[in-house]
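Q: Predicted model and sequence below, questions to follow.
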Amino acid sequence: MTDGPDLHDARLIAVHVDWKDGMCVIDIAHGTLGHCTLRFSAVSHVTLPRTQPWGPAVSINALRQPGPGHYEIDMQSGDVIDIRARDVLFVAGSEHLSA
């Protein structure tokens, strides 16, 4: 996901998992692009901690891809959302309305 937008300071709104279809959709409010989504397909694993070791925060620090099919969303709360999926699609602002 190195070709995706910079998500630093984007606000995480919600995480939805469609168990049957193996999809995980993350709704984000991006300062420049508006409402966006990250759509993960063929999901096999989602870890969604909310322990807030650095204190309460709803903003994203960074999105990383440490390896093929492995995605991490570092939250400014200190939590790391871990997702294993075949791929991810970023859908931004105006694209989101037609998707």
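A: Structure's in. What do you need? Small disclaimer: the values here were computed from a predicted structure and weren't measured.

Q: who touches residue 26 in this structure?
A: By Cβ atoms under 8 Å, 6 or more residues apart in numbering, residue 26 lies in contact with 12, 14, 15, 16, 37, 38, 40, 73. Every C-beta, even on glycine, is put in place using the N, C-alpha and C of the backbone.

Q: The helix or strand hosting the fifth one - what's its average pLDDT?
A: In this assignment (DSSP states H and E), residue 37 forms part of strand 34-41. Confidence for strand 34-41, expressed as mean pLDDT, is 96.

Q: and the contacts of residue 26, which are buried?
A: With burial judged by 16 or more other Cβ atoms under 10 Å, the buried subset of the contacts of residue 26 is 12, 37, 38, 40, 73.

Q: ok, which pair from these is furthest apart?
A: Using Cβ to Cβ, the two most remote members of those are 12 and 40, lying 14.0 Å apart.

Q: Kindly state the pLDDT recorded for residue 54?
A: Per-residue pLDDT puts residue 54 at 97.

Q: should've said residue 93
A: On pLDDT, residue 93 comes in at 76.

Q: Do I have it right that it meets residue 30?
A: Yes - between residue 93 and residue 30 there is a contact at 7.4 Å, judged by Cβ atoms under 8 Å.

Q: Please say which of those two ends up with more neighbours.
A: Higher neighbour count among residue 93 and residue 30: residue 30, with 18 against 12, using other Cβ atoms under 10 Å.

Q: if we can go back for a sec, now the common contact residues for residue 93 and residue 30.
A: Both residue 93 and residue 30 are in contact with residue 36, where contact means Cβ under 8 Å, 6+ apart.

Q: hmm, back to that, Throw the contacts of residue 26 into TSV and include distance to residue 57, thanks.
A: Below are these laid out as TSV (distance: Cβ to Cβ, whole Å):
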residue	distance to residue 57
12	9
14	16
15	15
16	21
37	20
38	18
40	22
73	12
